[in-house]
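Chemist: sequence isn't available, so here's the structure alone:
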């Protein structure tokens with residue numbers, strides 16, 4: 001989040017592989033293992049593999065007058081009813097008609113389904129260059145072209161049918177999925193499915209919906225690879241010295257772009273560093289690269305087959321490291337390049353040597369430059385996933401807080417947001433409690449949930465901004481049904497009042513999270529706040545959230561009704577800037593996710609996906625930053 005901008009400031013930021021990046025970042029509607037866990041808990045056993053798409057384009061249409069287009073790709077899955085469901089977006093690339101995007105888009109390849117894909121390429125307007133790509137409204141951007149394909153086009157129909165038959169047969173019989181009926185290694189069959197011309201498909205861009213090609217709009221190229229599950233990561237700190245100066249009136253502004261060589265030739269960019277201004281001896285912030293980024297599927301499987309514990313074959317995969325001088329025009333000047341494997345980088349670190357950059361030459365020999373690359377830090381470590389923690393006994397504990405302010409309307413009136421319909425139709429508060437609670441309850445063993453209300457006048461005659469929803473001395477209720485019953489009872493016993501204050505509820509949740517830290521019980525808390533409008537304690541809420549960012553706590557805010565939720569989006573901090581307290585302290589991490597219920601009701605987003613889009617990353621950021629590992633599994 002917050003790393004995919006295309007203005008001068010944003011264009012200088014790192015993309016992919018940075019240690020500052022969300023450790024479990026996903027595309028807007030891409031697969032993540034938390035969603036899988038939820039669906040599997042409901043008995044839905046999807047048969048899929050994860051496919052990662054690397055995208056590039058050539059000869060795009062130039063929509064800008066004084067510069068070149070700033071392109072971004074949005075991938076949609078076309079449903080049976082013809083509707084498009086967004087899967088993910090690339091970053092925006094500044095001033096470039098032949099872009100190669102670093103941000104990959106991951107999609108779940110369903111073996112037994114035909115999956116039509118639609119790619120839309122946009123020129124992002126300069127007024128939006130400071131915004132994260134996921135917040136961009138596509139109708140406000142210039143449309144550059146559309147490309148259509150079917151995900152299975154990366155392999156033959158025969159291969160798809162064969163693989164689907166093998167998977168189905170072996171899954172039903174609970175057989176190990178290694179060899180198919182013809183004796184072929186299943187991993188080889190899988191590689192064939194996602195491989196067409198070495199996994200690469202180039203498509204001619206057309207006008208929207210493929211109608212009326214008036215002029216050449218360029219091409220889009222997609223390179224598909226199955227993603228690989230690996231906990232092994234390498235943390236690198238890179239620096240250079242004696243770089244050549246490419247500027248006239250100042251020094252170069254260097255950045256590194258790292259690409260991985262792929263089977264059949266060519267390379268795929270996996271990350272770039274931030275730009276260091278005016279410096280010929282730069283040092284960049286640490287990179288954290290996973291085996292998934294710099295290792296191919298084939299090399300991983302081969303390494304596992306011969307029991308190479310340190311994935312030696314993956315470490316030998318060639319990496320192309322290019323150093324550029326950044327230019328705001330998009331015409332970055334190559335300072336030098338070199339080719340090293342991860343194993344080579346480890347050797348440079350161990351021996352404290354530098355590697356000389358070269359400049360490609362039309363002559364037989366490349367020109368060796370004075371500029372060198374050094375590896376100041378090389379650390380190989382295990383990076384555990386969300387499910388590694390959950391499966392070893394870590395839990396998510398659910399808490400809920402309901403808005404009882406007068407702006408919701410009299411609960412007795414049918415137009416009130418709190419109106420309980422005798423027919424059984426759920427109001428927005430009930431819907432949010434049910435849909436979110438049904439997800440989180442699968443991660444909570446005792447299913448006893450703290451439940452509060454705020455902004456209401458209790459039977460004692462005082463306005464409270466954190467009262468027990470069930471009206472008793474204990475704030476816990478039994479299960480999601482218990483929350484629903486307590487909410488319905490509170491509507492009869494509590495008068496709607498105000499104002500809308502978040503601070504007291506967040507502080508109460510933070511106190512419970514602090515007790516979890518003291519008890520060292522491996523619990524991570526999720527507070528659901530359901531509200532209808534504008535809060536009146538904005539700075540106090542920010543102060544509470546900044547303090548809570550050090551605790552095992554995430555906060556999901558669901559907005560109900562048609563109010564202006566701009567303040568909630570500020571708390572969400574999706575603009576890449578962390579919240580700051582009144583004393584100037586900056587939040588250690590983003591712990592808020594905001595979801596407007598009107599978008600859920602309109603079918604634009606799924607509550608399950610919206611909730612779990614950022615939660616696993618927030619969870620992992622907390623435990624990884626404290627070097628807390630999953631519990632050891634005991635074998636009976």
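Modeler: Cool, the structure landed. All values reported here derive from a predicted model rather than from experimental measurement.

Chemist: isn't residue 379 up against residue 232?
Modeler: No. If you go by C-beta atoms under 8 Å, residue 379 and residue 232 don't touch, sitting 11.3 Å apart. C-beta here means a position set from N, CA and C on the backbone, and glycine is covered the same way.

Chemist: compare these two (neighbour count), which wins?
Modeler: residue 232 (19 against 13; other C-beta atoms under 10 Å).

Chemist: now the more buried one. Nearest residue, chain neighbours left out?
Modeler: The spatial neighbour of residue 232 that comes closest, neighbours along the chain excluded (C-beta to C-beta, 6 or more residues apart in numbering), is residue 291 at 4.8 Å.

Chemist: any idea which helix or strand carries the closest residue to residue 407 other than its chain neighbours?
Modeler: In space, and not counting its chain neighbours, residue 407 is closest to residue 533: 5.0 Å by C-beta to C-beta, 6+ apart. Using DSSP states H and E, residue 533 falls within no helix or strand.

Chemist: burial of residue 533, as a residue count?
Modeler: Residue 533 has 22 nearby residues by other C-beta under 10 Å.

Chemist: before we move on, what about residue 443?
Modeler: If we define neighbours as other C-beta under 10 Å, then residue 443 has 21 of them.

Chemist: ok, residue 148 next?
Modeler: Neighbour number of residue 148 under other C-beta under 10 Å is 14.

Chemist: can I assume it sits in a helix?
Modeler: No. Going by DSSP: H, G, I helix; E, B strand; the rest coil, the assignment for residue 148 is strand, not a helix.

Chemist: spit out the contact partners of it.
Modeler: Residues in contact with residue 148, defined by C-beta atoms under 8 Å, 6 or more residues apart in numbering, are 116-119, 203, 206, 210.

Chemist: adding distance to residue 218, pLDDT and neighbour count, write the residues you listed out as TSV.
Modeler: Output for the contacts of residue 148, formatted as TSV (distance: C-beta to C-beta, whole Å; pLDDT from 0 to 100; neighbours: other C-beta atoms under 10 Å):
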residue	distance to residue 218	pLDDT	neighbour count
116	21	84	18
117	18	88	21
118	16	91	20
119	12	94	23
203	10	88	18
206	10	90	16
210	15	58	11
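
Chemist: okay, those in CSV with secondary structure next?
Modeler: Shown next, in CSV, are those (three-state DSSP):
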residue, secondary structure
116, strand
117, strand
118, strand
119, strand
203, strand
206, strand
210, helix
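
Chemist: pretty sure residue 216 belongs to a strand, no?
Modeler: No. Under three-state DSSP, residue 216 sits outside any strand and is assigned coil.

Chemist: would you map the strands across the stretch 101-250 of the chain?
Modeler: In the stretch 101-250 of the chain, the strands defined using DSSP state E, counting those that start in this stretch lie at 105-110, 116-123, 142-150, 200-204, 219-226, 232-241.

Chemist: now do the stretch 251-400 of the chain
Modeler: 254-261, 267-272, 287-290, 318-325, 333-341, 355-359, 367-382, 395-403.

Chemist: what's the most buried one of those strands?
Modeler: strand 395-403 (a mean of 25; mean count of other C-beta atoms under 10 Å).

Chemist: can I get the strands of the stretch 101-250 of the chain in a markdown table with distance to residue 475?
Modeler: Shown next, in a markdown table, are these (distance: least, C-beta to C-beta, whole Å):
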| stretch | distance to residue 475 |
| --- | --- |
| strand 105-110 | 39 |
| strand 116-123 | 48 |
| strand 142-150 | 52 |
| strand 200-204 | 55 |
| strand 219-226 | 47 |
| strand 232-241 | 40 |
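
Chemist: lowest-confidence stretch among those strands?
Modeler: Per-stretch mean pLDDT for the strands of the stretch 101-250 of the chain is lowest at strand 105-110 (a mean of 76).

Chemist: output the below-cut-off pLDDT ranges for the stretch 51-200 of the chain.
Modeler: Residue ranges of the stretch 51-200 of the chain with pLDDT under 70: 109-114, 129-130, 152-199.

Chemist: go with 50
Modeler: Residues of the stretch 51-200 of the chain meeting the criterion pLDDT under 50: 111-112, 153-197.

Chemist: where along it do the helices fall?
Modeler: Secondary structure of the stretch 51-200 of the chain, counting by DSSP state H, counting those that start in this stretch: helices at 157-172, 186-193.

Chemist: is residue 246 in contact with residue 252, as I believe?
Modeler: Yes. Applying C-beta under 8 Å, one finds residue 246 in contact with residue 252, separated by 4.9 Å.

Chemist: who has more neighbours out of these two?
Modeler: Applying other C-beta under 10 Å to residue 246 and residue 252 shows that residue 252 carries more neighbours, namely 25 against 18.

Chemist: name the nearest residue to residue 552, sequence neighbours excluded.
Modeler: residue 524 (4.4 Å).

Chemist: neighbours around that neighbour, how many?
Modeler: Neighbours of residue 524 (other C-beta under 10 Å): 22.

Chemist: ok, the one 5 residues further on next?
Modeler: Number of residues near residue 529 (other C-beta under 10 Å) recorded here: 26.

Chemist: which SSE is immediately downstream of the strand or helix carrying it?
Modeler: Using DSSP H and E, residue 529 falls within strand 523-531. Reading on from strand 523-531 to the C-terminus, the next helix or strand found by DSSP H and E is helix 538-548.

Chemist: which residues does that following helix contact?
Modeler: Applying C-beta under 8 Å, 6+ apart, the contact partners of helix 538-548 are 501-503, 506-507, 509-510, 513, 535, 555, 567, 570-571, 579-583, 585-587, 591-592.

Chemist: any idea which helix or strand comes after it?
Modeler: With DSSP H and E, the next secondary element past helix 538-548 is strand 553-559.

Chemist: and the helix or strand that comes right after that next one, what's its mean pLDDT?
Modeler: The helix or strand immediately downstream of strand 553-559 is helix 566-572, counting by DSSP H and E. Averaged across helix 566-572, the pLDDT comes to 82.
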